[in-house]
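# From the sequence below, what's the structure:
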Amino acid sequence: MWTNSLLKQNAWNSLKNYYWPALGVTFVASILGANGGGGFSGGGSGVSNLSDSYSDSGSSGSDHGDIDAGAIIAIILIALVIFVVALAFSLAFQAFLGNVVRVGECKYFCDARNGDQSFGKLFDNFRNGNYMDTVKTMFFRSLYIMLWSLLFYIPGIIKAYEYYLIPYLLAENPHLDRNRAFEISKKTMDGEKWNLFVLGLSFIGWYLLGILACGVGTMFVVPYYEATMAEFYTCMRAKMLSFGYTTEEELTGGMGGFGATTYTAPNTFNNGPVNPNNNGPVDPYNSTPSNPYGAPANPYGAPAAPANPYGAPAAPANPYGAPAAPANPYGAPAAPAQENGAVSLDKAQTDMPGITQDAFGNPVGSNGFPDPAAPSDNRVSLDKPAGSSDDTNDQKNF
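Numbering: from 1, shown residues only. You can find the predicted model right below:
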């Protein structure tokens, strides 16, 4: 969204490179009535002088006697004729010269911001083959404003702001149809009239300063004002395109138009408009802008896809780890050692099917107890205590 300070900053930074030629253009344009006040003020001053002459002659006549009533009527009629002639001349001067020069002045400042500062642009509309079209469109603009001003003046001021863009539209495309020029300006200035009023009001300090310099100083403010208004039109141009009020082809009429901008590269004007963020010159007015009034474009640019703050995650590892083949929690059993020559039960010798022996050679059944069915001669009796009579007899015989 544009601001007054941004428009004035861009205007001043570009104007510094052609201020004196711009001062000459505005001076010539004001003489030729481009600002719309020269012709009418001249007519007013003529009527004022006539009134003073009449009052002087009336006072002197009173000294020499009464003035004939017929002479009074004749004087009034002469005054009316002079007034009408002066008014007609002022209107004709304004319509056929002043308004056309005003369009050329708008063209000069819009092109000057893009680097083309040819003084001859002030008179382009006199030689482009569309002189009468420009005259008619600007005449109706002045006429409508004057008629609306009859309603206590305020409606005329509102209409002046509503039709403010018409000379800029004609400066860009002199072939533009009159009705289209009024329609485009009216739609584009909807919601902008107050903003334009405030923008103009921001120059009041400069004009007061110029008045203090014997009134001559105001002439030096006009180039700055006109350069700022050219920036304002460039912003409104972006609005009318983005809202679809017109097209690039209709605006330019195949004549190039004001679409190109010098703010696409730094230092085009050596000291071009500087971005406060120091990353290049400011240009909020591209010829194909984003809509600054509807859904606004991102003022910081289209963001890149944000990087993952945690990094691109790798395929997650198994949080419990890839389990190895589980080890036998009891360990691989070693072969039992044989102690004191004892025969291992796992490797016990068997003398017959289904019967094993314990460490003493006694037959053991499958239930782990001595097998009563085993032959007795293969068993060692556990019932005979040591030192029994049999043993004693054997010892004796031995």
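# roughly how far apart are P223 and S118?
Distance, P223 to S118, using CB to CB, to the nearest Å: 16 Å. Every C-beta, even on glycine, is put in place using the N, C-alpha and C of the backbone.
# quick one: which of these two has more around it?
Neighbours were counted for P223 and for S118 using other CB atoms under 10 Å; P223 has more, 23 against 12.
# Secondary structure of the more buried one: a helix, I assume?
Yes - counting by DSSP: H, G, I helix; E, B strand; the rest coil, P223 is found in a helix.
# Excluding chain neighbours, what is closest to it?
Closest residue in space to P223, ignoring its immediate chain neighbours: A22 at 3.9 Å, by CB to CB, 6 or more residues apart in numbering.
# count of neighbours near the one you found?
Close neighbours of A22, defined as other CB under 10 Å, add up to 23.
# That one: which element?
Using DSSP states H and E, the element containing A22 is helix 19-31.
# Against N179, how distant is F83?
Counting by CB to CB, the gap from F83 to N179 is 33 Å.
# swap that for Y224, please
Here the criterion is CB to CB. By it, Y224 lies 34 Å from N179.
# again, but for A34
Distance, A34 to N179, by CB to CB: 24 Å.
# These two: who's more crowded?
Between A34 and N179, A34 has the larger neighbour count (other CB under 10 Å), namely 26 against 10.
# residues in contact with the more buried one?
The neighbourhood of A34, defined by CB atoms under 8 Å, 6 or more residues apart in numbering, consists of 98-99, 101-102, 104-105.
# helix/strand/coil for it?
Counting by three-state DSSP, the backbone at A34 sits in coil.
# Quick one: find the helix or strand in this protein with the lowest mean pLDDT.
Sorting the helices and strands of the chain by mean pLDDT, DSSP states H and E puts helix 38-64 at the bottom, at a mean of 40.
# right, and the helix or strand after that helix?
Taking DSSP H and E, what comes next after helix 38-64 is helix 69-93.
# If you average the pLDDT over that following helix, what comes out?
Per-region confidence: helix 69-93 scores 90 on mean pLDDT.
# Which neighbouring elements make contact with it?
Packing contacts for helix 69-93, counted by 3 or more CB pairs under 8 Å, 6 or more residues apart in numbering; DSSP states H and E, involve helix 38-64.
# For this structure, which segments are assigned as helices?
4-15, 19-31, 38-64, 69-93, 99-112, 131-149, 154-162, 166-172, 178-188, 193-201, 204-212, 218-242, 248-252, 389-397 (DSSP state H).
# With respect to these, which exhibits the lowest mean confidence?
helix 38-64 (a mean of 40).
# Distance-wise, check the nearest residue in space to K186 that is not next to it in sequence relative to N130.
Excluding its sequence neighbours, the residue lying closest to K186 (CB to CB, 6+ apart) is E162, at 5.5 Å. As judged by CB to CB, E162 and N130 stand 23 Å apart.
# Of these two, which one has the most company?
Taking other CB under 10 Å, E162 and N130 do not tie; E162 has more neighbours (23 against 20).
# list the contacts for that one?
The contact partners of E162, by CB under 8 Å, 6+ apart, come to 185-186, 189, 193.
# I'd like to know which of those is nearest to E250.
Among those, S185 lies closest to E250 (CB to CB), at 13.2 Å.
# who's in contact with the residue lying closest to that closest one once chain neighbours are set aside?
In space, and not counting its chain neighbours, S185 is closest to L165: 4.1 Å by CB to CB, 6+ apart. Under the criterion of CB under 8 Å, 6+ apart, the neighbours of L165 are 184-185, 188-189, 233, 236.
# The residue lying closest to F197 once chain neighbours are set aside: neighbouring residues, count only.
Using CB to CB, 6+ apart and skipping residues adjacent in sequence, the residue nearest F197 is Y161, 6.6 Å away. Using other CB under 10 Å, the number of residues around Y161 comes to 18.
# is it true that Y161 touches V198?
No - between Y161 and V198 there is no contact under CB atoms under 8 Å: 11.2 Å.
# Looks like I184 contacts L169 (just checking).
Yes - counting by CB under 8 Å, I184 touches L169, with 6.2 Å between them.
# more neighbours, these two?
With neighbours defined as other CB under 10 Å, I184 and L169 compare such that L169 has more, 26 against 21.
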